Each structure stands twice: as C-alpha cells, then as structure tokens.
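A.B. asks: sequence? don't have it. structure:
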C-alpha cells in the first residue's frame with residue numbers, strides 16, 4: 001500500500017508561480033515513473049509532466065516551457081514548479097507514481113487525491 005499526498009496548491013494571480021509537492025509513503029522499494037496530471041472541470045485528465053527514476057523528463061503541451069518537474073528519491077518526493085500561470089491552468093493537479101513495493105515485485109500505479117490550483121485573471 002502506498003499513500004500519496006499532494007500539497008502546494010492554492011489561489012494565485014495570473015503570471016504567478018506555484019510549487020506543488022507530492023510525498024509518497026508506505027511500502028516502497030522503488031518509485032519508478034512519477035507524473036503530474038491535471039483535470040479541469042468538464043475536461044479529461046491530462047499529463048502535465050513526468051520524470052523517471054533516472055531523471056529523464058517529459059512534458060505535456062499544456063505547460064511545456066512553464067513548468068519543471070523534479071524528484072528527490074531519498075525523500076520519495078516529486079515536485080512541480082509552475083511559472084507564468086494562466087487562468088486556463090486552473091485544475092486539480094494529481095500525483096501519479098509507479099511503485100515497486102519490494103525487490104522483484106510487479107510495479108503498480110497509485111494516484112494521489114489531488115490539490116486544487118486556481119489562477120485568477
């Protein structure tokens with residue numbers, strides 16, 4: 001069992017910045033892929049950014065160039081720095097990880113509960 005807790009969301013004015021954090025805890029041998037997704041009202045959930053356990057990153061089109069994903073493997077944390085925020089970035093942001101609970105076990109995916117980001121114009 002793995003728990004993911006996101007933090008750092010809130011209300012920010014357009015042009016501002018936020019840094020989201022996601023803490024993973026529980027039965028963790030290795031965190032493989034760690035992603036951030038977002039879902040706006042009435043829209044499908046979309047990938048914002050992802051990072052592998054060796055630091056390779058990829059970004060969705062929505063925030064490419066305005067966001068930076070990073071991770072701290074020692075702390076089982078993943079971060080999302082978001083800059084130049086726009087009202088259309090308003091959404092619930094979710095942490096997603098692929099985790100191995102023990103050596104040789106089959107990796108499985110886990111989602112956090114989400115953190116609300118609201119960008120005012």
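C.D. replies: Everything's here; your move. All figures in this text were calculated on a predicted structure; none of them were measured in a lab.
A.B. asks: which stretches of this protein form strands?
C.D. replies: 2-7, 10-13, 18-26, 30-39, 46-51, 57-59, 67-72, 77-82, 91-100, 108-111, 115-120 (DSSP state E).
A.B. asks: would you list the ones you listed in a markdown table and tack on mean neighbour count?
C.D. replies: Glycine gets a C-beta too; all of them are placed from N, C-alpha and C. What follows is these, written out as a markdown table (neighbours: other C-beta atoms under 10 Å):
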| stretch | mean neighbour count |
| --- | --- |
| strand 2-7 | 17 |
| strand 10-13 | 13 |
| strand 18-26 | 18 |
| strand 30-39 | 20 |
| strand 46-51 | 20 |
| strand 57-59 | 15 |
| strand 67-72 | 18 |
| strand 77-82 | 22 |
| strand 91-100 | 21 |
| strand 108-111 | 14 |
| strand 115-120 | 17 |
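A.B. asks: contact partners for the residue positioned nearest the centre of the chain?
C.D. replies: Nearest to the geometric centre of the chain sits residue 36, at 2.7 Å (C-alpha atoms, centre = their mean). By C-beta atoms under 8 Å, 6 or more residues apart in numbering, the contact list for residue 36 reads 20, 22, 47-50, 69, 78, 80, 93-96.
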